[in-house]
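A.B. asks: need coordinates for the below:
(one chain, ligands or ions: 1)
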Amino acid sequence: MLKPQIKLSAKKEIYVPGDKSISHRSVLFSALAQGKSEIHGFLEGEDPLHTLNCFASLGLSVESLGKGSYSVQSPGKQNLKSPAGVLDFGNAGTGIRLSAGLLAGLPQITATLTGDASLCKRPMARIMNPLREMGADIISVEGNDRAPLRIVGKQLKRYSYTSPIASAQIKSALVLAALASEISIDYKEPEVSRDHTENMIRFLGGNIKHHSPLHFTVEPPYHFEGAKFVIPGDISSAAFYIVFGLCAGGTEPLLIRNIGLNPSRVGIITVLRNMGGKIEVTAKRQECGEEIGDLLVYPSKLNRSVITEDLIPSIIDEIPILTVAGLFSEGGFQISHAEELRAKESDRIQSMVSNLERLGVTVKESKDGYEFGEVKEIKPCAIETFMDHRIAMSFAILSKLSGVELTFDDTSWVDTSFPGFFEILKSF
Ligand code: S3P
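C.D. replies: The predicted model follows:
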């Protein structure tokens with residue numbers, strides 16, 4: 001296993017920016033609600049800012065109060081209006097898929113939704129097909145099941161769906177379509193995916209009934225009023241520094257404050273603990289229906305451990321940085337059952353395998369994952385980031401921990417989810 005060149009020899013605490021998933025949803029639910037909302041802890045990264053700008057052009061009044069706080073006034077969902085131009089969601093799959101659902105259910109709206117080159121390669125049939133079954137008019141402009149998407153909003157009809165994929169984006173797109181059209185939806189998924197949308201419905205006083213952890217129904221009325229959304233730090237961003245703190249040498253813990261600990265997102269903690277990592281959760285509390293806490297991360301000796309299929313949805317965004325933990329682990333690393341990685345900001349199986357090979361690691365790729373044995377050394381090389389923030393951040397953490405010089409084609413993608421990432425890294 002690789003030996004860390006960084007030692008944690010003094011106590012240190014850091015904060016990471018607001019949760020990306022909850023930031024997108026705070027905009028969408030502020031738009032659905034009538035009147036004034038306040039958002040605090042908003043991730044001022046490019047992804048949620050695109051969603052905020054798109055909804056401003058649909059009629060939301062947005063005033064920045066500084067430092068991630070916003071005052072947002074909605075005319076009510078029935079008074080949102082068609083935008084003058086194309087809605088640009090940048091790199092954000094969550095932004096475009098969830099917004100597509102919401103807009104498809106508003107009969108007064110006609111809109112075209114697009115994004116950057118990476119987003120326009122990502123699959124959209126997964127939301128378009130069930131939305132059409134609800135009565136939506138949604139087409140792929142180029143006829144390839146990819147963005148740009150053209151939506152003519154409709155009054156949709158009540159719907160029951162069993163998703164073949166454990167995806168919070170599919171789930172949320174359909175639920176938001178139902179909320180927009182004031183109809184009920186019954187939803188089943190194969191594994192639990194993140195449930196921030198369900199939590200927000202409950203937080204706003206909506207009617208959601210769980211029949212099992214994998215099956216729920218949401219029913220009208222959905223007459224939400226503006227609310228105060230307080231967003232915790234993003235565990236998917238904290239993950240980079242959790243792995244950093246565990247794999248660094250030394251004895252002192254790293255304190256990562258104010259992190260969202262929604263049970264459907266904490267797989268990273270479970271997996272790293274299974275690998276031998278010492279992570280303590282302190283100061284547990286609740287905000288807007290979400291669990292929050294501080295994390296104390298101790299330098300630890302890590303070992304390879306089996307990652308079971310049921311954990312995949314809750315670590316789906318953390319697999320690149322978990323792979324870095326695998327480079328510092330006795331016995332190496334294996335991930336499987338993770339075919340969904342091929343539909344992320346890049347094909348993350350291919351992005352990780354090709355960069356690991358550049359580092360001199362012998363990797364075995366499969367259709368749903370990859371595997372390598374214990375790694376003794378890596379060599380300096382040029383990392384290709386594939387327009388993917390999490391690929392860039394994972395290898396930047398690796399370079400800092402290992403002391404091996406890595407160059408990057410472009411790290412600007414990091415700003416989509418974690419502005420300030422490099423400033424924190426430089427502080428060690
Ligand atoms: C997200 C859901 C996940 C995740 C993405 C954010 C969300 O995608 O990868 O970064 O906010 O709903 P899938 O639901 O498609 O797995």
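A.B. asks: all strands for the stretch 251-400 of the chain, in order.
C.D. replies: 254-260, 278-287, 290-298, 302-303, 329-330, 333-335, 364-366, 369-372, 381-383 (DSSP state E, counting those that start in this stretch).
A.B. asks: same list (those strands) but as a markdown table, adding mean neighbour count, mean pLDDT and distance to the ligand.
C.D. replies: (Each C-beta comes from the backbone N, C-alpha and C, glycine too.) Converted to a markdown table, those look like this (neighbours: other CB atoms under 10 Å; pLDDT from 0 to 100; distance: least, CB to the nearest ligand atom, whole Å):
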| stretch | mean neighbour count | mean pLDDT | distance to the ligand |
| --- | --- | --- | --- |
| strand 254-260 | 22 | 98 | 12 |
| strand 278-287 | 13 | 97 | 18 |
| strand 290-298 | 21 | 98 | 13 |
| strand 302-303 | 18 | 98 | 24 |
| strand 329-330 | 18 | 98 | 24 |
| strand 333-335 | 23 | 98 | 15 |
| strand 364-366 | 13 | 98 | 19 |
| strand 369-372 | 20 | 98 | 15 |
| strand 381-383 | 16 | 98 | 21 |
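A.B. asks: so for residue 154, which of these sits nearest?
C.D. replies: Among these, the nearest to residue 154 by CB to CB is strand 290-298 (32.3 Å).
A.B. asks: so which residues make contact with that closest one?
C.D. replies: 22, 196, 199, 232, 238, 241-242, 245-246, 251, 253-263, 269, 277-286 (CB atoms under 8 Å, 6 or more residues apart in numbering).
A.B. asks: ok, which residues in this structure are in contact with the ligand?
C.D. replies: 21, 94, 167, 168, 169, 172, 193, 194, 316, 317, 340 (CB under 6 Å from any ligand atom).
A.B. asks: just these now: which is nearest residue 127?
C.D. replies: Using CB to CB, those come closest to residue 127 at residue 169, 7.3 Å.
A.B. asks: got the phi and psi for residue 359?
C.D. replies: Phi and psi for residue 359, reported as degrees, to the nearest 10, are phi -80, psi -10.
A.B. asks: need the contact list for the nearest residue to it once chain neighbours are set aside.
C.D. replies: Distances taken as CB to CB, 6 or more residues apart in numbering place residue 378 nearest to residue 359, at 4.1 Å, with adjacent residues excluded. Residue 378 sits next to 2, 327, 359, 360, 361, 398, 402, 404 when contact means CB under 8 Å, 6+ apart.
A.B. asks: show me the helices in the stretch 201-350 of the chain, by range?
C.D. replies: Assigned by DSSP state H, counting those that start in this stretch, the helices in the stretch 201-350 of the chain fall at 235-247, 267-274, 312-315, 319-327, 348-358.
A.B. asks: most neighbours among the contacts of residue 378, which one is it?
C.D. replies: Counting neighbours by other CB atoms under 10 Å, residue 398 comes out on top of those with 27 neighbours.
A.B. asks: so what's that one up against?
C.D. replies: Applying CB under 8 Å, 6+ apart, the residues near residue 398 are 324, 327, 378, 404, 406.
A.B. asks: can you give the distance from stretch 361-374 to the centre of its chain?
C.D. replies: 24 Å (CA atoms, centre = their mean, to the nearest Å).
A.B. asks: wait, stretch 10-21
C.D. replies: 16 Å.
A.B. asks: my guess is residue 353 contacts residue 361, does it?
C.D. replies: No - Residue 353 lies out of contact with residue 361 (CB atoms under 8 Å); the separation is 9.1 Å.
A.B. asks: quick one: the residue lying closest to residue 121 once chain neighbours are set aside from the ligand, how far?
C.D. replies: Spatial nearest neighbour of residue 121, excluding adjacent residues (CB to CB, 6+ apart): residue 146 at 6.4 Å. According to CB to the nearest ligand atom, to the nearest Å, residue 146 and the ligand sit 15 Å apart.
A.B. asks: model confidence at the residue nearest to residue 359, what's the number?
C.D. replies: Looking at residue 378, its pLDDT stands at 98.
A.B. asks: the residue nearest the centre of the chain sits in which helix or strand?
C.D. replies: Centroid check for the chain by CA atoms, centre = their mean gives residue 21 as the closest residue, at 5.2 Å. Taking DSSP states H and E as the criterion, the element that holds residue 21 is helix 20-32.
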